[in-house]
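Engineer: Based on what follows, work out the 3D shape:
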Amino acid sequence: MVPKGTMVTLSRRTFESDDPAVCGMAALSDLFRPAAMAKLRRLIDHAATTPTDRGGTEPHADEFAWLMDENTAVTQIDGV
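Structural biologist: Okay, the predicted model is just below:
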């Protein structure tokens, strides 16, 4: 259930590498992060107002999963 006013805090691990492939993947991740976070915000807003069979509301975790990579973690959920 996602109560109104729930705040989700995301953290992103930072790292340094001399490997060009790793640097390239980090750059791609940084490039698409703003769009991914905007999508996450829309999904959270939608989940907070979508009724379930039980009469409440709940997040659609499968819709959020593609936004997360090995460098991103949900570190805090307030209001749950």
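Engineer: Which secondary structure element is home to S17?
Structural biologist: Element membership for S17, per DSSP states H and E: none, as it lies in no helix or strand.
Engineer: Against which helices or strands is the longest helix seen in the chain packed?
Structural biologist: Longest helix in the chain by number of residues, with DSSP state H as the criterion: helix 20-47. Contacting helix 20-47 under the criterion 3 or more CB pairs under 8 Å, 6 or more residues apart in numbering; DSSP states H and E are the following elements: helix 61-65. For every residue, glycine as well, the C-beta is placed using N, CA and C.
Engineer: What residues sit buried inside the longest helix of the chain?
Structural biologist: Of the residues in helix 20-47, those buried by neighbour count under the rule 16 or more other CB atoms under 10 Å are 26, 33, 40, 43-44, 47.
Engineer: Look at the closest residue in space to C23 that isn't next to it in sequence and say how many residues are nearby.
Structural biologist: Once flanking residues are discounted, C23 sits nearest to S17: 6.1 Å by CB to CB, 6 or more residues apart in numbering. For S17, the count of nearby residues is 10 (other CB atoms under 10 Å).
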